[in-house]
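Trainee: Next comes the sequence, and after it the predicted model I'd like to discuss.
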Amino acid sequence: MALWPMRHRMLAIGAAALVTALTASACGSGGSAGGGGGTAAGGVRLVNAGKLTTCTHLQYEPFQFTRGSQTVGFDVDVIDLVAKKLGVKQEVVDIDFAAIKSGAVLSAGRCDVAAAGLTINDERRRNIDFSVPYFDATQALLARKGSGVTSLGDVKAKNLKLGAQASTTGLEYVKNKGFDPIEFADSSKELLGLETGQADVIVQDLPVALTWLKKPAIRAKYDVVARLDTGEQYGIGMKKGNAALSKAVDQVIEQARADGTYNALYKKWFGVELSPAAAA
């Protein structure tokens, strides 16, 4: 029990050190907020000439994950559309999610955009400019088949161990419901925690949980036992005040929804088509 407070303090110290390192790195490179970089179509300033640099956090299938030597996923394809509009290529950088959601990587000039299944909320808006929403999200509980769990109330009543991914809205959601979940650094470690018994139930974004269940070995043992409608929406994150890039990203998302491109990407990565109302 006493280990958890110390762990949280160490995470906070580590996050602060990471922000300091990012800022120092950016100030000493051509990709700093104060100089270097290049200009793309529409007068959009980029931290690296000829590239739209995207910060993300792997693995987060089907939004962004590695397949062989490539980083692929729904978010990657959406940002590829933005890069095409700007006349450049996308370059993906894998980085700690805490530094992404805080806006540190954007402020330090480490990347142009953050695309990491990033939920829009008021706290993050203080440090990040968000695009128009591009994905409606919800949370889910994943547990072993036959667990008898159908709600967070069951988790509490049965005194089960609840797991969540660190720095996520899913974590905050269950904390606000009175839980003290076991925190895992990323989604793959969270799933491993469920498989190895470190957690009895885990909370994760529904599309991620459903992607896990496409694998026969996971589907044979586990199931989504509850859906938590949290009303979340994902947005592409950008440095505060980057109006030209924000305009370009919004235009791409809105055009993709209008011409059917968005629906095609949705079907590609989630296996179903959007309803006409959701696609609009």
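Mentor: Good, I have the coordinates.
Trainee: Wait, a strand at residue 223?
Mentor: Yes: Residue 223 sits within a strand when classified using DSSP: H, G, I helix; E, B strand; the rest coil.
Trainee: so how far is residue 132 from residue 238?
Mentor: 12 Å (Cβ to Cβ, to the nearest Å). For glycine as for every other residue, the C-beta is placed from the backbone atoms N, C-alpha and C.
Trainee: These two: who's more crowded?
Mentor: Neighbours per residue (other Cβ atoms under 10 Å) separate residue 238 from residue 132, with residue 238 holding more: 23 against 16.
Trainee: in terms of contact, does residue 150 touch residue 225 like I think?
Mentor: Yes: between residue 150 and residue 225 there is a contact under Cβ atoms under 8 Å: 5.7 Å.
Trainee: Compare these two (neighbour count), which wins?
Mentor: residue 225 (19 against 12).
Trainee: what's near enough to touch the more buried one?
Mentor: 141-143, 147, 149-150, 201 (Cβ atoms under 8 Å, 6 or more residues apart in numbering).
Trainee: and the gap between it and residue 200?
Mentor: 11 Å.
Trainee: Find the residues that touch each one of these two.
Mentor: Residues touching both residue 225 and residue 200 comprise 143, 147, with contact defined as Cβ under 8 Å, 6+ apart.
Trainee: pretty sure residue 64 is touching residue 70, no?
Mentor: No: between residue 64 and residue 70 there is no contact under Cβ under 8 Å: 10.9 Å.
Trainee: When these two are compared, which one has more neighbours?
Mentor: Neighbour tally, residue 64 and residue 70, criterion other Cβ under 10 Å: the higher count belongs to residue 64, 24 against 10.
Trainee: Can you spell out which residues form a bridge with the more buried one?
Mentor: Beta-bridge partners of residue 64, counted by DSSP bridges, are residue 60.
Trainee: And the pLDDT at it?
Mentor: Per-residue pLDDT puts residue 64 at 94.
Trainee: How much space separates it from residue 230?
Mentor: Computed as Cβ to Cβ, the residue 64 to residue 230 distance reads 21 Å.
Trainee: do the same with residue 48
Mentor: As judged by Cβ to Cβ, residue 48 and residue 230 stand 35 Å apart.
Trainee: now the helices for the stretch 51-200 of the chain?
Mentor: Here the stretch 51-200 of the chain has its helices, by DSSP state H, counting those that start in this stretch, at 74-86, 97-101, 104-107, 122-125, 152-157, 169-176, 187-195.
Trainee: Any chance of those in CSV with distance to residue 245 and mean neighbour count as columns?
Mentor: Below are these laid out as CSV (distance: least, Cβ to Cβ, whole Å; neighbours: other Cβ atoms under 10 Å):
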stretch, distance to residue 245, mean neighbour count
helix 74-86, 8, 22
helix 97-101, 16, 23
helix 104-107, 10, 24
helix 122-125, 16, 12
helix 152-157, 39, 16
helix 169-176, 24, 18
helix 187-195, 28, 20
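Trainee: These: which one's closest to residue 252?
Mentor: helix 74-86 (4.8 Å; Cβ to Cβ).
Trainee: just checking, what packs against that closest one?
Mentor: Packing contacts for helix 74-86, counted by 3 or more Cβ pairs under 8 Å, 6 or more residues apart in numbering; DSSP states H and E, involve strand 51-56, strand 89-94, helix 243-259, helix 261-270.
Trainee: Just say which of the ones you listed is most tucked in.
Mentor: strand 51-56 (a mean of 25; mean count of other Cβ atoms under 10 Å).
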